[in-house]
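Asks: quick one: sequence and predicted model below, then my questions.
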Amino acid sequence: MLFTYFKNNLFKELTVLSLWSAAVFWLFDAHQLILIIIGLLWLVLIPLQNRRNPYWQNALIHAIAASIPIVLMFVLYHSVLQAWWLADDPGLLQRIAESGIFPHFYQSDVWRAFSASHLTPWVPLSLGIDWHLFGLEPLGFYAHHLLSFTLVLLIAYLVLNLFYSPLVCSLILSLFVASVPCANVAQLIMVRHYLEGLGLSLLAIFAYVKALQSRQHRWAYFGALFYLLATTAKEIYVPLVVILPCLPVSNWKQRWKMLIPFVAVAGSYVVWRAYMLQLSYVLSGYSVLVPQLDWAAVLALPNRIAEVLGWQQTWQGLIILLAVLVYLSLVLTKQRHRLIYISVWLAACLLPIIPVLSILDSRYLFLPYLILCLGVAVSLQFLIGKRWHYIALGLGFSLLAVSIKSVEIGPTVFRQVDLIKQFRTEGQFILKGNAPNALLQNPIGAYWYYESLQWFREHTLKLPQGARACYDVCVCQPQATAQFYQYANIGQLISSTLSEQTCGQADADLTVHFKWENGALHWQLGPYAEGLYYIAPADRASVSGYLLAIPAQGQHPQALSRPFYFVIKYVSVEGWQTYSPVLKLLPKQKIVIVRWERLTR
């Protein structure tokens, strides 16, 4: 009798649903009902997808499977609609307002004023459309953001369904949605190009597969067009041309034949990139300002990745380990012939992020995390093929619990309500506040955030000069009549007083040699071999004192389209410090040199 119960599918479904419901109520404080309903829908999909159905039932199956990750996305991230401008958003919009949209695709000097080290003109295209539609109202930008996310999930389902069952597609996309990389991409408008670039790449994959299946070259040309657009979104999608022939579709001859338009696009991209960024920076994405990856950082990398992905609890690590073991056992015993393909996929996704591993951010793991989810898809499809549906679903539920918990406890921006509120409060103070002789002390954002808001205040809103941001009063040198404001934990700006500030040793040795040539800054600072050097913008009409650590000698790709005022600060190993006076680089010649020295001996 007991054996009969265990063979009964209804009993298995009730058992799995009961365990999932218990886990949901035990682990999560919110969205319990939605998560239980999602689990129930996946259980319903098992018998439906395992039998022949009329057309309308197949359409219903796909509608349910595709809608689950979309619903989960809105449940988790709908609060982003309430956010204001964050991080680089105002700076990007200023460049678009100044230069328009399309010159960023073909004018090298215009693009290098936007970014001298990356080539992503899809950013001004996507955000520029919003700028013309919504102006300085962020709600429209975030609505576009979530709409793009929805479309990308639909396209991803369309592509995955070429290889996997509706249940597996739905599970995998839900795992992807409920991740720290997706959570932060959903919140940050400035990284929308990661999201939309993925959608364009998936369309390229879909067209390539259709070209192989139908043997019609027009599909390959459509795919090459989408691949071209994807390369304008982000460099991480350029290696797609290497991944495509590794797809398990058709024969090698057809794969290479249909790949020719993609190879032509990749070659054209290299030429275009060399023109837009200048030849010496074709391969560069990051300069000496990014710390080098030493052995200590390499050894700490596994812990750092787990921290960034929100895998901070022991039970999460055990479930991840189980999923990895299932996948490795499958590949090593059943699909060993595909190891070379897997290696190519991993290399194509991981090599572009090697330069940023020392400053690892969740968005750099956006694409690698999707590849990780595809590995899970292989395992789940194999288990389902063995008729072990409920084991597959149990593994999927376990991984989903890990993912949702990681979004709850990981470094996700959308859950940092106080941070988002501080950006809004300080930003609105700079943009619309009535305090012309005020200084905002110790602001949360980078200097370009407030500098761009000041630009919009004067050029778009036509308001008189307002408050300015000050990070270091030794650089700002405020007037005696200046009012000081600082953000307080109560959620608003409060009046503050300037404390006694010692601005270092005014007679200490310091040398500064700067040269701007061929789109790059070159510098040599001294005379000290040890200690730390910093550079800070010092335009006292806007923002001052944002200190950025730089090496004593180096170079950095940088457009010089306007005068640049700066101060150099040195901090010795003993703790004393000294500042240079305000120095300036003026964009009047092809080579600009600034030399300043203070030598007492």
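Replies: Here it is on my side, so go on. Numbers count the residues shown, from 1 in each chain.

Asks: which residues in the stretch 451-600 of the chain form strands?
Replies: 468-470, 483-487, 493-496, 510-517, 520-526, 532-537, 543-544, 548-550, 553-557, 564-571, 577-579, 583-585, 591-598 (DSSP state E, counting those that start in this stretch).

Asks: what's near enough to touch the closest residue to Leu86 other than its chain neighbours?
Replies: The spatial neighbour of Leu86 that comes closest, neighbours along the chain excluded (C-beta to C-beta, 6 or more residues apart in numbering), is Phe423 at 5.4 Å. All C-beta atoms are positioned from the backbone trio N, CA, C, and that covers glycine. With C-beta atoms under 8 Å, 6 or more residues apart in numbering as the criterion, the residues that contact Phe423 are Trp84, Trp85, Leu86, Ile444, Gly445, Tyr449.

Asks: how about the helices in the stretch 251-400 of the chain?
Replies: 252-277, 295-299, 301-308, 314-334, 339-350, 366-385, 389-409 (DSSP state H, counting those that start in this stretch).

Asks: same for the last one, what does it pack against?
Replies: What that stands for is helix 389-409. Here helix 389-409 is seen to pack against helix 9-27, helix 32-49, helix 166-177, helix 180-187, helix 314-334, helix 366-385 when contacts are counted using 3 or more C-beta pairs under 8 Å, 6 or more residues apart in numbering; DSSP states H and E.

Asks: would you indicate which residues of that helix are buried?
Replies: 389-408 (16 or more other C-beta atoms under 10 Å).

Asks: if I look at the most centrally placed residue in the chain, how far off is Asp88?
Replies: Within the chain, one residue has its C-alpha closest to the average C-alpha position: by C-alpha atoms, centre = their mean, that is Arg363, at 3.1 Å. Using C-beta to C-beta, to the nearest Å, we find Arg363 at a distance of 12 Å from Asp88.

Asks: so what's the residue nearest to the centre of the chain up against?
Replies: Under the criterion of C-beta under 8 Å, 6+ apart, the contact partners of Arg363 comprise Pro181, Asn184, Val185, Leu188, Val191, Tyr194.

Asks: adding pLDDT, write those out as JSON lines.
Replies: Putting the contacts of Arg363 into JSON lines (pLDDT from 0 to 100) gives the following:
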{"residue": "Pro181", "pLDDT": "94"}
{"residue": "Asn184", "pLDDT": "93"}
{"residue": "Val185", "pLDDT": "94"}
{"residue": "Leu188", "pLDDT": "94"}
{"residue": "Val191", "pLDDT": "94"}
{"residue": "Tyr194", "pLDDT": "96"}
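
Asks: closest one to Ile430 out of these, please.
Replies: Leu188 (19.8 Å; C-beta to C-beta).

Asks: hang on, isn't that closest one packed against Val413?
Replies: Yes - counting by C-beta atoms under 8 Å, Leu188 sits close enough to Val413 to count as a contact (6.4 Å).

Asks: overlap in contacts of these two?
Replies: Overlap between the neighbourhoods of Leu188 and Val413 consists of Leu86, taking contacts as C-beta under 8 Å, 6+ apart.

Asks: more neighbours: which of these two?
Replies: Taking neighbours as other C-beta atoms under 10 Å, Leu188 and Val413 compare with Leu188 leading, 22 against 19.

Asks: do you know how far that one is from His118?
Replies: Using C-beta to C-beta, Leu188 is found at 16 Å from His118.
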